[in-house]
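Asker: After the sequence you'll find the predicted model.
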Amino acid sequence: REEGDMLLVARGGRGGRGNAAFKTQRYTAPKIAERGEPGAARWLSVELKLVADVGFLGMPNAGKSTLLASASAARPKIANYPFTTIVPNLGVCDIGDEGAGLVMCDIPGIIEGASDGVGLGYAFLRHVQRCKVLLHVVDGTSADPIQDFITINKELQSYDEFLAQK
C-alpha cells in the first residue's frame, strides 16, 4: 500500500426513501420514511502511533512530565508516585518567531523487563518508535542513576535494535 491509497473496509447499505419521496401537494411535509438496507458490519483494531520530534525517556518518577510542563504549555499530571503518566503526553515548544514548533512527547516510565511485556512495556515502547530524537531524563537522586540509564538502553535494544541506535 502507498500513502494516500483509499481502502474500502465495509460497504454501506442501500439507502431508503426519505420523506421528500413521499411529498405531495396535499402532504407537503410528510412524517414518513422508509429504512434502508443494512451495510456490512466489521470490528477493526486501529492503532495510532504518536509522531513527535523529541521523546522523553526515563524510569518512573524521573521528571519527564515536569520537563514537558516547563518547556511547553502542556499540563500533564504530575505527582510524587510511580506511573503517574499512563498515556503519552504531547507538548509544543515554540522556537523562533516564524511559529515553528518542536513537538515533545512525555513517554510513561519504562521499567526493567518492559521489552518482555512487564507492566505496560509494549504499550510504552511502541510510542518510542515514532520519535525522531530520544532524550534520556535521569533522576539524579536515584540510588544508581547510571544503572537507570543502562537499564533503559537495554530495554530499547531488546525491544528494537533500531531504537538502540537513536
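Answerer: Received the coordinates, thanks. Residues are numbered from 1 along each chain as shown.
Asker: Beyond the helix or strand of the chain with the lowest mean pLDDT, next helix or strand please.
Answerer: Every helix and strand of the chain was ranked by mean pLDDT, DSSP states H and E. The lowest is helix 121-128, at a mean of 67. Where DSSP states H and E defines the elements, the next helix or strand beyond helix 121-128 is strand 131-136.
Asker: Relative to that next one, what are the paired strands and their orientations?
Answerer: Applying DSSP bridges, strand 131-136 is found paired with strand 52-57 (parallel).
Asker: what about the partner strand, distance to the chain center?
Answerer: 12 Å (C-alpha atoms, centre = their mean, to the nearest Å).
Asker: mind listing what's buried in that strand?
Answerer: A52, V54, G55, F56, L57 (16 or more other C-beta atoms under 10 Å). From N, CA and C alone the C-beta is placed, and that goes for glycine too.
Asker: wait, isn't the second one in contact with D106?
Answerer: No. Assessed by C-beta atoms under 8 Å, V54 is found out of contact with D106, at 10.0 Å.
Asker: Touching stretch 13-20 from outside, list them.
Answerer: Residues outside stretch 13-20 that contact it (C-beta atoms under 8 Å, 6 or more residues apart in numbering): A29, P30, K31, I32, A33, E34, R35, G36, E37, P38, G39, A40.
Asker: Let's see that with 10 Å instead.
Answerer: Here stretch 13-20 makes contact (C-beta atoms under 10 Å, 6 or more residues apart in numbering) with 27, 29-41.
Asker: mind checking how far that stretch is from the chain centre?
Answerer: The chain centre lies 39 Å from the centre of stretch 13-20; the measure is C-alpha atoms, centre = their mean.
Asker: what does stretch 89-101 give?
Answerer: Its chain's C-alpha centre and that of stretch 89-101 lie 19 Å apart, by C-alpha atoms, centre = their mean.
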